[in-house]
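S.K.: quick one, structure for this:
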Amino acid sequence: MHNQNDMGHYRWKGRRWLVAGFACLWGWAFAQAQAQAAPVTVSLDWDKIVAVSKANVSIQACIEPPMRRGYPIHDRLFKALRDLKPDYARLQPWHPYPRLAVAELHPPKDGKTFWDFTLLDPIVEDFMLAVEGRPVVVNFGAIPAWMFKTQAPDRIPDDPDEIAWDYSINPEFTDFDSTVRLFAQYQARLAGWYLNGGFRDEFDQWHESGHRYSNIAYWEILNEPDFEHGLSPRQVTQLYDAVVTEVRKVAPSMKFMGPAMAKATSKPEYFTYFLDPKNHQPGIPIDAVSYHFYFEAESDETPDVMQHTIFQQADKLLTAAAYIDSIRRHFSPHTKTAINELGTILPFPAAAKLPYSIPDSYWNLSGAMWAYLYGHLAAIGIDMIHGSELIDYPGQVPSATLVDWETGQPNARYWVLKLLRDNFGPGDRLLAPRSVEEYSGPDPGAQVYAQGFISPQGERKVLLVNKRNKALALRIPGAAGGDLQKVDQSTTTVERRALSSNALELPGLAVAVVTLGSADPN
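M.R.: Modelled structure (predicted):
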């Protein structure tokens, strides 16, 4: 047993150790802060090429009411699309707006059909004008509900702007083979309408459209069939083959894409089955495989927390993308890959009135994730990467929009997309990622992502992404005499300025492209 004096001695000794410990910790933190204040040197080996990019930066445009003529932001939406100048922009009439997405809402009966393009056509026409002849991907993936249901048909709102989430969802197939046949014929008639000037309906009556859109490069079949319809890999492949067979009758040279999977990171069995040619009918091409990815925040995540979790989820996509690409190379090496919905989603995506305000920093954080993924996906060999999506609003996943749903003005997510579209593309040579040892000071790898590119014209560029909401001082050898383009929380467009030195500051959550001024940056 210790006496009172002994206990006092130990208490004093403990205090001395505690004070010393705090002093050491404070000193370490101060040293870290001092070191962090010094510029971080981003050193890249410009002679070490690891890949040649095939990646096209593009955009997903899901048809929604604000895209209709006469709506307040209609013109600004299509101006944003036109200014981006994307190749392979994806147009997708989506099932929650059946009057905007489905051209035959009722089955033919008693010699009469119910084909109606009155609301759909103006949006398609404006989309085609905005892309100015560039190649596009079209996806009329919504299956008309009457093709698979025997019970009372789904409610079709009289108001075309009303959201009907339950339309064509979770079908009860009474005869799947019949659904396959009907949907394939429906798709072929849509192809005739937009490619060949019209089609003959179920009673052999001609419907004239006048449309001959030769820039439709890919006809994409189905949309998120694992989520919307709960289809198995075999059913997905059966539907794909049937549609390809019918559409090729009216468009023999068309290329096809599918199956636009929703849960690519957790369902590799769909890709193993779909990409294996032996599971398809003879002669059916698999021109491109497609899938989607969205970062989905938890309901209690603050923006401060999201800046960490968003990139962890992004890394999960990269692991899945590399695995899917290995499946593609094994079974179907000539097939291209499109991640044609890529974005972020905050909690309560379908709430008509958001229970929170979306902070301005969120749009920059979402753009930072997009740029981070672009660099990595280009290195993997992905062919098309689509920012999602042109317009969304409360009730319809507002956190995924690329423009302000009230003003139509592009947000930071859009400007990051444009920054990448204007600076990178197929033919760029990608440098090996830099190692931790190539930085001076403490490892900033958790905060900054840097990827070097050499353009086909020989320009040397560095893509920079600040993954944290705090500024970072950088030094880029060879930057002096070049220029900086960036999107950050203070910009309302892509800001551009000349660089007079190798030093620059990268604001919190900023995305930047540095074009080097020196021919020898090493």
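S.K.: flag the shaky bits of the stretch 151-300 of the chain, pLDDT-wise.
M.R.: 151-154 (pLDDT under 70).
S.K.: again, but for the stretch 351-500 of the chain
M.R.: By pLDDT under 70, the low-scoring segments of the stretch 351-500 of the chain are 434-445.
S.K.: if you set the cut-off to 80 instead, what comes out?
M.R.: Flagging of the stretch 351-500 of the chain using pLDDT under 80 yields the residue ranges 433-445.
S.K.: which residues in it form strands?
M.R.: Assigned by DSSP state E, counting those that start in this stretch, the stretch 351-500 of the chain shows strands spanning 384-388, 429-431, 448-454, 460-466, 472-475, 483-487, 495-498.
S.K.: quick one: list the elements packing against the second one.
M.R.: In terms of contacts (3 or more CB pairs under 8 Å, 6 or more residues apart in numbering; DSSP states H and E), strand 429-431 is packed against strand 49-52, helix 360-380, strand 448-454. For every residue, glycine as well, the C-beta is placed using N, CA and C.
S.K.: how about the ones you listed in a markdown table, adding mean neighbour count and distance to residue 96?
M.R.: Converted to a markdown table, the helices and strands packed on strand 429-431 look like this (neighbours: other CB atoms under 10 Å; distance: least, CB to CB, whole Å):
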| stretch | mean neighbour count | distance to residue 96 |
| --- | --- | --- |
| strand 49-52 | 14 | 39 |
| helix 360-380 | 24 | 22 |
| strand 448-454 | 22 | 35 |
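S.K.: turn these into a markdown table, columns for distance to residue 290.
M.R.: What follows is the helices and strands packed on strand 429-431, written out as a markdown table (distance: least, CB to CB, whole Å):
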| stretch | distance to residue 290 |
| --- | --- |
| strand 49-52 | 21 |
| helix 360-380 | 13 |
| strand 448-454 | 24 |
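S.K.: nearest to residue 194, out of the ones you listed?
M.R.: helix 360-380 (29.7 Å; CB to CB).
S.K.: re earlier: tell me which of the strands of the stretch 351-500 of the chain sits most buried.
M.R.: Neighbour counts (mean count of other CB atoms under 10 Å) averaged over each of the strands of the stretch 351-500 of the chain peak at strand 384-388, with a mean of 26.
S.K.: which outside residues touch it?
M.R.: For strand 384-388, the surrounding residues in contact (CB atoms under 8 Å, 6 or more residues apart in numbering) are 55-60, 62, 88-90, 137, 288, 292, 294, 336-343, 370, 373-374, 377-378, 400, 402, 413-414, 417.
S.K.: now do 7 Å
M.R.: For strand 384-388, the surrounding residues in contact (CB atoms under 7 Å, 6 or more residues apart in numbering) are 55-60, 88, 90, 338-343, 370, 374, 377, 400, 402, 413, 417.
S.K.: try stretch 309-317
M.R.: Applying CB under 7 Å, 6+ apart, the contact partners of stretch 309-317 are 265, 293, 295, 301, 344, 365, 369, 372, 373, 467.
S.K.: list the residues that contact the fourth one.
M.R.: This means residue 301. Contact analysis of residue 301 by CB under 7 Å, 6+ apart lists residue 309.
S.K.: any idea how far it lies from residue 318?
M.R.: 21 Å (CB to CB, to the nearest Å).
S.K.: so what's residue 201 closest to, chain neighbours aside?
M.R.: Leaving aside its sequence neighbours, residue 201 sits nearest to residue 113 (CB to CB, 6 or more residues apart in numbering; 4.6 Å).
S.K.: what about that neighbour, how many residues nearby?
M.R.: 16 (other CB atoms under 10 Å).
S.K.: now the nearest residue to residue 135 once chain neighbours are set aside: how far from residue 494?
M.R.: Of all residues beyond its chain neighbours, the one nearest residue 135 is residue 217 (3.6 Å), with distances taken as CB to CB, 6+ apart. The spacing between residue 217 and residue 494, counted by CB to CB, is 27 Å.
S.K.: what do you get for residue 477?
M.R.: Residue 477 is 24 Å from residue 494, by CB to CB.
S.K.: now the closest residue in space to residue 267 that isn't next to it in sequence: which helix or strand?
M.R.: Leaving aside its sequence neighbours, residue 267 sits nearest to residue 226 (CB to CB, 6+ apart; 6.1 Å). According to DSSP states H and E, residue 226 maps onto helix 225-228.
S.K.: give me the buried positions along that helix.
M.R.: 225, 226, 228 (16 or more other CB atoms under 10 Å).
S.K.: show me what that helix is in contact with.
M.R.: Under the criterion CB under 7 Å, 6+ apart, residues 95, 169, 231, 236, 259, 261, 262, 263, 267, 270 lie in contact with helix 225-228.
S.K.: CA atoms only: put that helix into PDB for me.
M.R.: Extracted C-alpha coordinates of helix 225-228, given in PDB (Å, rounded to 0.1, in the frame of the first residue of the first chain):
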ATOM      1  CA  PRO A 225     -32.600  -3.100 -65.800                       C
ATOM      2  CA  ASP A 226     -31.300  -4.500 -62.500                       C
ATOM      3  CA  PHE A 227     -32.900  -1.600 -60.700                       C
ATOM      4  CA  GLU A 228     -36.000  -0.700 -62.800                       C
END
